[in-house]
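# Sequence below, structure please.
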Amino acid sequence: MNSKQLFRVGMACVIVCASLVLASCDLDDDSDGIQPVPVAYVSLYNASPNAPALDVVVDNRQITSYPFEYADRTAYLRFYTGTRNIKLTPRGASNVAVDTTVTLEADKAYSLFIADEYDKASLLVFTDTAAAPAAGKALVRVINLSPDASAVSLGEKGASGVIASNLGFKQGSGFTQVDAKTYDLEITSAGNAKVLELPDIEFHEGAVYTVVVRGYSTPPSGNNNVLSAEVVRG
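Numbers count the residues shown, from 1 in each chain. The predicted structure is shown next:
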């Protein structure tokens, strides 16, 4: 992300953590019998390639103080567990584009993706909690969020086998364990036609990654959000 996006996301983190978590309940004071409030960890990602700048509202509280634009994402934020209502609205407007609920479990991590073109947008929920990789390994998954691309696969350039294969729109792979090293990756479509190259991608030992395929294979007139991929470390 550029500095503008990072600033927006940083401000969103401040608002979410302040409004959705009771700081006083994090105190572990046995003498007063105070118990920690269970929380889940949630990351938000805007992958809708033609969406306007958005506001994100959780349980009727707006949690973004700056516009949440295409390709913006947050770090993991602490949410109350249980059923949470999430609404997406155009920045500063009252009409609602998405109104949905998600169920969150204590101590689990989730990625929430705003997916599809804006007039058909939905919120996809992926559980990020996974067993730790073995020594010398990393975990990698792929999520296809391009509304007009063919099914995609991810593999190492020049190598046999793939990390993830034949993922249609809105589909995500499970986590695959790979050697911790630097890769020249490529994303291919049906028939192994090369779609994107991702050179010099370093996967660190013990880390977890998501490769997000996003944007348009053929952008509509006036839209510059071409097909691309981002490697997100969880």
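
# domain assignment for this structure?
1-129, 130-234 (automatic domain parsing).

# Off-centre distance for the last one?
Domain 130-234 has its average C-alpha position 13 Å from the chain's average C-alpha position, going by CA atoms, centre = their mean, to the nearest Å.

# Quick one: mean pLDDT for that domain?
Average pLDDT, domain 130-234: 95.

# is it true that Ser173 touches Leu167?
Yes - Ser173 is in contact with Leu167 according to CB atoms under 8 Å; the separation is 6.0 Å. (Each C-beta comes from the backbone N, C-alpha and C, glycine too.)

# Mutual contacts of the two, please.
Val142, Ile143 (CB atoms under 8 Å, 6 or more residues apart in numbering).

# Go ahead and confirm Lys170 touches Ala121.
No - Lys170 is not in contact with Ala121 according to CB under 8 Å; the separation is 11.3 Å.

# Next, show the common contact partners of these two.
Residues touching both Lys170 and Ala121 (CB under 8 Å, 6+ apart): Ala115.

# Need the domains of the chain in CSV (columns: mean neighbour count).
Shown next, in CSV, are the domains of the chain (neighbours: other CB atoms under 10 Å):
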stretch, mean neighbour count
domain 1-129, 16
domain 130-234, 16
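
# From Asp107, how far off is Val39?
Going from Val39 to Asp107 by CB to CB, to the nearest Å gives 8 Å.

# Kindly report the same for Asp148.
From Asp148 to Asp107 the distance is 37 Å (CB to CB).

# cool, and Phe175?
Distance from Phe175 to Asp107, by CB to CB: 18 Å.

# swap in Pro90?
Separation of Pro90 from Asp107 (CB to CB): 34 Å.

# what helix or strand is the closest residue to Val58 other than its chain neighbours on?
Among residues not flanking Val58 along the chain, Ile86 sits closest, at 5.5 Å (CB to CB, 6 or more residues apart in numbering). Secondary structure from DSSP states H and E places Ile86 in strand 82-90.

# List the neighbouring strands of that strand plus their orientation.
According to DSSP bridges, strand 82-90 forms sheet pairs with strand 54-58 (antiparallel), strand 98-104 (antiparallel).

# and these as a markdown table, adding mean pLDDT and distance to Pro133?
Below are the strands paired with strand 82-90 laid out as a markdown table (pLDDT from 0 to 100; distance: least, CB to CB, whole Å):
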| stretch | mean pLDDT | distance to Pro133 |
| --- | --- | --- |
| strand 54-58 | 97 | 31 |
| strand 98-104 | 98 | 24 |
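
# Now render those strands as JSON lines, adding distance to Ile187.
Shown next, in JSON lines, are those (distance: least, CB to CB, whole Å):
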{"stretch": "strand 54-58", "distance to Ile187": "27"}
{"stretch": "strand 98-104", "distance to Ile187": "27"}
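
# Of the ones you listed, which is nearest Leu227?
Closest approach to Leu227 among those is made by strand 54-58 (21.6 Å; CB to CB).

# Do I have it right that Asn60 meets Thr89?
No - Asn60 is not in contact with Thr89 according to CB under 8 Å; the separation is 11.8 Å.

# Can you name the residues bridging to Pro90?
Under the criterion used here (DSSP bridges), Pro90 is bridged to Leu54.

# who touches it in this structure?
Pro52, Ala53, Leu54, Asp55, Ala97.

# Max pairwise distance over those: which two?
So, the contacts of Pro90 by CB to CB: farthest apart are Ala53 and Ala97, at 11.8 Å.

# The nearest residue to Tyr209 once chain neighbours are set aside: helix or strand, and which one exactly?
Nearest residue to Tyr209, sequence neighbours excluded (CB to CB, 6+ apart): Val140, at 4.9 Å. Following DSSP H and E, one finds Val140 within strand 137-144.
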